[in-house]
Every structure is written in C-alpha cells, then in structure tokens.
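**Student:** Kindly generate the corresponding structure for this input.
(one chain, ligands or ions: 1)
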Amino acid sequence: MTKLSASGLATFLKSPKSYFWRYKAGLEPSQPQVATFDHDKLLGVIWAQYTDRFYRGVGEATNAKAAMDAWLNGSEGWVPEKARVRLTTALENLMPQYYQHFSPEDGCRTAEQSELWLENDRFRGRLDGLSAENVVHEVKTTSRSPQVAEQLWKIGHSIQVKLYCVLADADGYCLEIAFKDPPHAILRAPIVRVTAEQKRGWSQELHALADRIESLGDDPNNYPCHSEGCCMTTKGMVSMCSYRDLCSGDISDEIKDLLYKKRVPQ
Ligand code: SF4
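**Tutor:** From the prediction side, this is the model:
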C-alpha cells in the first residue's frame, strides 16, 4: 500500500469519499478552484517555500522575487482580482518581516533539515523544518482571528503535527502563523514539549487510522461521507466539494475526463 501522508489522513478524517477519489482512484479536479480555496492553499505552499529558502541562506531580494513570481504566475487567470490583490498585499507585507524578525541561525531549523522528507514503513511526511534540538518547525498562513490560542491549539492537535512528531521522534514542536489579513503579522509561538508517552499515544492513533483506511479496500461505497461536508459555507461564500460530480454518479466518461485529471503523487 502507498504510504499515508498527513494530507491523506486529514482528507480521510474530513471526507472519506474525497479520500477515495483523490488517493485510491487517483483523481483531482483539472483546474484549481476558488470555491475550494485553492488560492489560499497556493499561497500557503509559496509561503512554506519562502521560509525554506530563508533557512537555506537565500538573500532577501532573490527570495522575494521567487515567491512573488510564483504567486503571480500561479494565480493568474483564475483567482478573482479582488482576492488576488488582497493576497498579493499580504505577501508583500509578510515577506520583509521574516528577514527583520528572524535569522537563519536562530535555531528554529537547520539548513540541512529545512523542507525535510521523513518516512517509516507506513507513513511519510514533509516537514517544514526540524531544529538541531529535534523540534518540529511548522509554518502556516491563515486568516486573522481573535482566537489565536484556539488556532494554535487546533494546529498543535492536528493529525499533521502528530504525524511529524512521530516520524521525527521529535522532542517538541514550534508553530508559526503568518496572518493574511491586516495588520499582517507573523506569530512564532513558544516551543511545546512532547513526551515519549504522547508520541506513543499518537503513534497508536495513526496506526488505528491507517488500519481503518486499509480495511476499506477499492470499493467507493465503503467510504461514506457526512453530507455536511459537501457544501461549505464561509463568510461571503458558499462552495461545493470538488468531487461532487463523481459522487453524483451520473456523469459521462467524457465529462469526467474534462473535469478531472490523473493526480501526480508527490
Ligand atoms: S461531494 Fe460530499 S460525499 Fe462526495 S466526496 Fe465531497 S463531501 Fe464526500
């Protein structure tokens, strides 16, 4: 069986049938969509790459140009102008702060352990970084919310952080949030220490989840979703799950080939 990633596990927990379409059938929507917040995901990836280059010693001007080029090219033609301007401004404001507030030698991660791939016999993961003291460094971009403590709790208790701590046999994790809304700011939270007992419990959780996923096999009917997840309602937007056409079961192969493409595993 293909090794399970943090995004695969998180997808299964949220929407088992999406997991089936994406990771078992190997399909993904042909085009990125604003309705599924792909522009926010793109910015998150570009921000992770920016911090990776920072810790690898790339100079500010070169790093900023690479990030801005990736954002402008990647968002062209499908992200509405208003959202594009808002996120471009966020990137412009956040990037210089990284060089002002942090240093590649600040110990948060080593150059050799920036964007680090780890795996064991069942799981795999790409950490944003790992320090010489064996602390996982995880960076996120998110909308500003007054509930910062709750946001940190949510990330700290995510399946992703648990997986990374288990894979790295880490002694702690350090979370960092870059806020996409004004006033744009970057919050680096204090290191949270992780005990051997916690890691044993998380490892047990991960294996129980993997056992469950493996037991479901190749039949899409073994992957029920709660219909709550089919339609997402957020501030100012109502959007549908990108796999709804496959779930409806009444599309022709021609339309299916138009709407979905084979996913290239990362
Ligand atoms: S459309 Fe609904 S049932 Fe189908 S994968 Fe998406 S969330 Fe699950």
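
**Student:** So which bits of the stretch 101-250 of the chain are right by the ligand?
**Tutor:** Applying C-beta under 6 Å from any ligand atom, we find that the stretch 101-250 of the chain lies next to the ligand at Cys225, Gly229, Cys230, Cys241, Tyr243, Arg244, Cys247. To be clear about C-beta, it is placed using only N, CA and C from the backbone, and glycine gets the same treatment.

**Student:** what about the helices in the protein?
**Tutor:** 6-14, 16-19, 38-55, 60-75, 81-101, 148-156, 159-168, 196-215, 244-248, 253-259 (DSSP state H).

**Student:** Kindly state which of those is positioned closest to Leu175.
**Tutor:** Nearest to Leu175 among these is helix 148-156 (5.3 Å), distances taken as C-beta to C-beta.

**Student:** elements contacting the closest one?
**Tutor:** Packing partners of helix 148-156 (3 or more C-beta pairs under 8 Å, 6 or more residues apart in numbering; DSSP states H and E): strand 135-142, strand 172-179.

**Student:** can I get those strands in a markdown table with mean pLDDT, distance to Asp219 and mean neighbour count?
**Tutor:** Output for the helices and strands packed on helix 148-156, formatted as a markdown table (pLDDT from 0 to 100; distance: least, C-beta to C-beta, whole Å; neighbours: other C-beta atoms under 10 Å):
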| stretch | mean pLDDT | distance to Asp219 | mean neighbour count |
| --- | --- | --- | --- |
| strand 135-142 | 96 | 35 | 22 |
| strand 172-179 | 97 | 37 | 22 |
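
**Student:** picking up where we left off before, kindly present the helices of the chain as CSV, with separate columns for mean neighbour count.
**Tutor:** As requested, the helices of the chain are exported to CSV (neighbours: other C-beta atoms under 10 Å):
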stretch, mean neighbour count
helix 6-14, 18
helix 16-19, 22
helix 38-55, 19
helix 60-75, 15
helix 81-101, 15
helix 148-156, 14
helix 159-168, 23
helix 196-215, 14
helix 244-248, 14
helix 253-259, 11
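
**Student:** now those helices as a markdown table including mean pLDDT and distance to Cys108?
**Tutor:** A markdown table is the format used below for the helices of the chain (pLDDT from 0 to 100; distance: least, C-beta to C-beta, whole Å):
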| stretch | mean pLDDT | distance to Cys108 |
| --- | --- | --- |
| helix 6-14 | 96 | 20 |
| helix 16-19 | 97 | 32 |
| helix 38-55 | 97 | 7 |
| helix 60-75 | 98 | 16 |
| helix 81-101 | 97 | 11 |
| helix 148-156 | 93 | 16 |
| helix 159-168 | 98 | 14 |
| helix 196-215 | 98 | 21 |
| helix 244-248 | 92 | 41 |
| helix 253-259 | 93 | 41 |
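
**Student:** so who does His207 touch?
**Tutor:** Arg122 (C-beta atoms under 8 Å, 6 or more residues apart in numbering).
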